[in-house]
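J.: For reference, the sequence and a predicted model appear below.
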Amino acid sequence: MTNVELSGRVGISAPPCLRRVRRLEETGIIRGYRALLNAPALGLDVVAFCLIGLHHQADAELKTFAERTRGWPIVRNAWMVSGESDFLLHCVASDLGAFQTFVIEELASAPNVDTVRTALTIRRVKDEGLVAFSEVRT
């Protein structure tokens, strides 16, 4: 959206709107901008989540696994989590075979990985940004 469109939506003129956006960028509130791609149109039809349990949860082991996730293109988002698992991975693959190959040859065979539980998605039912403005504290 252009600055003029944004300023119209929030009800202020373009110059102060641009200053506010730049301040949000400089302070790190706005971390960047991304294109929202249509994964199925690109041939990426499988979306799955993996819950990973490690044998050992020492800080060095957690950091090592976190770093390993950065090298797997199929993993689009990764979180360290509490509870029965140590990591939650959001994966996108071209097809079921590609996802299965990743799970068997890369994920399950990675050092220190104890358990891998997968959940294939059926269909997306909500697609919102990561932060709801109503939840932001001012």
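T.: Alright, I've got the coordinates. Numbering: from 1, shown residues only.

J.: Can you classify the closest residue to residue 1 other than its chain neighbours by secondary structure?
T.: Of all residues not flanking residue 1 in the chain, residue 9 sits nearest, at 8.0 Å (CB to CB, 6 or more residues apart in numbering). In this view, the C-beta of every residue, glycine as well, is placed from N, C-alpha and C. Here residue 9 is helix, with the state taken from DSSP: H, G, I helix; E, B strand; the rest coil.

J.: any idea how far residue 129 is from residue 9?
T.: Here the criterion is CB to CB, to the nearest Å. By it, residue 9 lies 15 Å from residue 129.

J.: So those two - more neighbours on which side?
T.: residue 9 (10 against 7; other CB atoms under 10 Å).

J.: and residue 68, what does it touch?
T.: residue 110 (CB atoms under 8 Å, 6 or more residues apart in numbering).

J.: May I ask which helix or strand encompasses it?
T.: Assessed by DSSP states H and E, residue 68 sits inside helix 59-70.
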